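Peer 1: make a model of this:
(2 chains, ligands or ions: 1)
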Amino acid sequence: MTGGASATEARPDAATVDALYDIVADSGSRSLAVIGLVKNAGKTTVVNALMANCPHLFGLTSLGLDGERTDHLTGLAKPRISPPPGTLVATTQGSLDRSRYAMDVLEVLPFLTPLGRVVIGRAGAAGHVEVSGPTTLAELRATIERLQAHGAEQVLVDGAINRIGSASPRVSDGVVVASGGMVGDTLGDVLETTAATLDMLLLPAVSDETRAQLAPFLAQGARALSFNDRGEVTPLALESVVGEGVTVAREVERLNTHTLFIGGALTQEFVDDFTRVLPPRRELRVVVRDATVLVLPAASVRRFLKRGLALEVLAPLRVLAVTANPFRLPQPYQPKIFFDALAGAVGDRVPVFDVVNGRASLPGAPIQRGLFPTERG
Amino acid sequence: MLVRPYGDTRDDGVIQFSFTLPIAYSIKAADVGKQFLERLGFHTVGIAECKAIDPEYTFYVAYGRTDSGIDPDAVKGDYLEVEEMDYYSINALIKEKLGRKLSVVGAAIESDAHTVGIDAIMNMKGFAGNYGLERYPEMDALNLGSQIPCAQLLKTALERDADAILVSQIVTQKNIHVQHLTQLIELLEAEGVRERFVIVVGGPRINNAFAKELGYDAGFGPRTTPLEVAAFLAQEVVRRHEEA
Ligand code: B12
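Peer 2: Below you'll find the model as predicted:
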């Protein structure tokens, strides 16, 4: 083993992991998505730490590919995964073969990935297993349910690269966001991106009133709806708003829309066109399904809000914590400096943990429970 | 069976090295090079050549032995194992089992301006001695070209009710390809249409395991031939059609 800069072989600090786990347990989450703001943000280290320190029957899967020896992209050593005996693991047949990990297979799922079928088994022998679950979010949801059916008390979903899809309430019911030194070129960039991403993930829920108004249209699979002061609800004649920023802005003007519901993705191109055509200081509330449909940089979401437009979600994400990993290339940040800076930038949004170097920042306000209705299906 | 490098005799484990160290040549330089290779785990190291190539750099040619071997049969590659088929049997499979043309849309997405990779797979005239997808009578292949925004690729695929989307990424500076490739998948998921398509990615820095990590259904790397891609598409689209 070489010393110095390594993304791997980090020994978790037990007390810090316990504190993180308390938050997860208190939240009542049963399927926790660990997402990263970038590759090598430390997702797998967090997943490993939770499994190693907490007396729970875990289920484990990944939307990406984890536990392999070296990273395809960076060539860096990656954290290996050796789940405690009994852990229920959903991975692919190809990953089992590649890692030569012996596991009693309990079930073969119908999902075919580039690495073969998704299989569920019980970790037994020591050794390192490569974990790569299903490819799509719908399959991921089903895989989590199967892990729970086999007895997993808490499912951990390792994310894929920088993807946030697994954090959707359609898939999981709790989120840990892994941030680290690799998130930006400078410390300033890391802090800004982390804070902006959190603001995006923590977008507020619509009022119960709006939710009730929307409900009948959602059941019909509405893609875009306009609500105005005269109480008129008008479905826009569009399959999708993607690429239709100009059209939608004109419709919003024509219909005197005060609330616009968008059933699919919100892209950078849409937001650019839409905000260009919409008159300045026009007040409008845009509602989307959940924060994972925002397929644009968090900084753009900030600009959208700064323009005075409101953005709300039907299903809010339960972001439980941020983890801080000082690793970066060529030199890691000094852990204390990095942690303090990140904790400062996150402020009282959510608790921050460095599970390796043993640091935690718990905002004054207690974690609120039962606040978040989850949407499933 | 374990194999080891072949130097002078079979199984001797001898490897030849050439490398440069940023040190001025001196009498000591040969020992520096030798001990460096020993640190890497090689033994019986011989320095064949050790010369200044610049006042501050020394170039080496050396030999060393390793005791390590590898069992090629135990190696799992990162490439996709596709059942081999020829042009005629691919067309026949689609015609018989799908009963209609297989529709494919391809592009090099976002800022990537390189067309040669996607052309090699899709263009009529083909590549490496086999025809591109446009030539297959049972395929309806549309190549959008390069610098196609994810949103446009998605719209086109929906309009044509495509079975498969082919994505090419050649530029990998600052991992820009990773941004583009995950963005496309997140867009498809947010729009609720990920399941409708077989999505394939290709490029010089792509392999099949990495495609899994990115959220694709298959990944193809350097030296891919259109035949491999056509065989995969036909098999996978037919499989989904039959399982549906
Ligand atoms: C030709 C070329 C260009 C041409 C492209 C013309 C055109 N119409 O395509 C021009 C001059 C425009 C060009 C521009 C640039 N280029 Co250029 N270019 C090349 C070059 C010389 C050859 C690429 C090529 O055509 N290969 C042949 C094809 C057949 O191979 P392939 O792309 O790998 O495709 C195969 C497989 O990968 C796979 N595949 C590829 N795509 C897909 C998709 C699917 C679905 C499947 C299944 C398979 C598949 O199948 C193919 C057949 O086997 C390479 C260097 C090299 N020798 O590779 C640099 C190279 C790719 N370019 C490079 C760069 C940096 C640029 C520029 C950014 C330069 C600049 N600073 O302006 C610009 C890019 C601008 C942009 N926005 O994208 C770098 C990329 C470095 C990196 N790692 O990111 C390279 C590697 C050169 C270098 N060493 O620096 N380039």
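Peer 1: for residue B:201, give me phi and psi.
Peer 2: The phi/psi pair for residue B:201 (degrees, to the nearest 10) reads phi -120, psi 150.
Peer 1: got the contact list for whichever residue of chain B sits closest to chain A?
Peer 2: Nearest to chain A, among the residues of chain B, is residue B:190, at 3.4 Å (Cβ to the nearest Cβ). Heads up, the C-betas are built off the backbone N, CA and C, glycines and all. The contact partners of residue B:190, by Cβ atoms under 8 Å, 6 or more residues apart in numbering or on different chains, come to A:165, A:264-266, A:292-295.
Peer 1: among these, name the buried ones.
Peer 2: Among the contacts of residue B:190, those classed as buried by 16 or more other Cβ atoms under 10 Å in any protein chain shown are A:165, A:264-266, A:292-295.
Peer 1: low-confidence ranges, the chain, go.
Peer 2: You didn't say which chain, so I picked chain A. A:1-10, A:364-377 (pLDDT under 70).
Peer 1: got the domain ranges for it?
Peer 2: Listed by automatic domain parsing, the domain ranges of chain A are A:7-202+A:317-361, A:208-313.
Peer 1: what residues does the stretch 251-377 of chain A put near chain B?
Peer 2: A:264-267, A:269-270, A:292-295 (Cβ under 8 Å from any Cβ of the partner chain).
Peer 1: let's see that with 6 Å instead.
Peer 2: Applying Cβ under 6 Å from any Cβ of the partner chain, we find that the stretch 251-377 of chain A lies next to chain B at A:264-265, A:267, A:269, A:293, A:295.
Peer 1: gap between the closest residue to the ligand within chain A and residue A:178?
Peer 2: The minimum distance from chain A to the ligand, using Cβ to the nearest ligand atom, falls at residue A:73 (11.7 Å). Using Cβ to Cβ, to the nearest Å, we find residue A:73 at a distance of 16 Å from residue A:178.
Peer 1: ok, those two, which is more surrounded?
Peer 2: residue A:178 (26 against 16; other Cβ atoms under 10 Å in any protein chain shown).
Peer 1: what's the helix or strand for the more buried one?
Peer 2: Per DSSP states H and E: residue A:178 is located in strand A:174-180.
Peer 1: give me the sheet partners of that strand and which way each runs.
Peer 2: Strand A:174-180 sits in its sheet next to strand A:31-36 (parallel), strand A:319-325 (parallel), going by DSSP bridges.
Peer 1: out of those, which one sits most buried?
Peer 2: strand A:31-36 (a mean of 28; mean count of other Cβ atoms under 10 Å in any protein chain shown).
Peer 1: now do the very next helix or strand once past it: which elements does it pack against?
Peer 2: Of the helices and strands lying after strand A:31-36 in sequence (DSSP H and E), the nearest is helix A:43-53. Counting contacts by 3 or more Cβ pairs under 6 Å, 6 or more residues apart in numbering or on different chains; DSSP states H and E, helix A:43-53 packs against helix A:14-27, strand A:31-36, strand A:154-158.
Peer 1: in strands only, show me the buried ones among the contacts of residue B:190.
Peer 2: A:266, A:294-295 (DSSP state E).
Peer 1: need those residues in JSON lines with distance to the ligand, can you?
Peer 2: As requested, those are exported to JSON lines (distance: Cβ to the nearest ligand atom, whole Å):
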{"residue": "A:266", "distance to the ligand": "25"}
{"residue": "A:294", "distance to the ligand": "26"}
{"residue": "A:295", "distance to the ligand": "21"}
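Peer 1: show me which residues of the stretch 1-150 of chain A sit near chain B.
Peer 2: Residues of the stretch 1-150 of chain A lying near chain B (Cβ under 6 Å from any Cβ): A:64-65, A:72, A:97-98, A:113-115, A:132, A:135-137.
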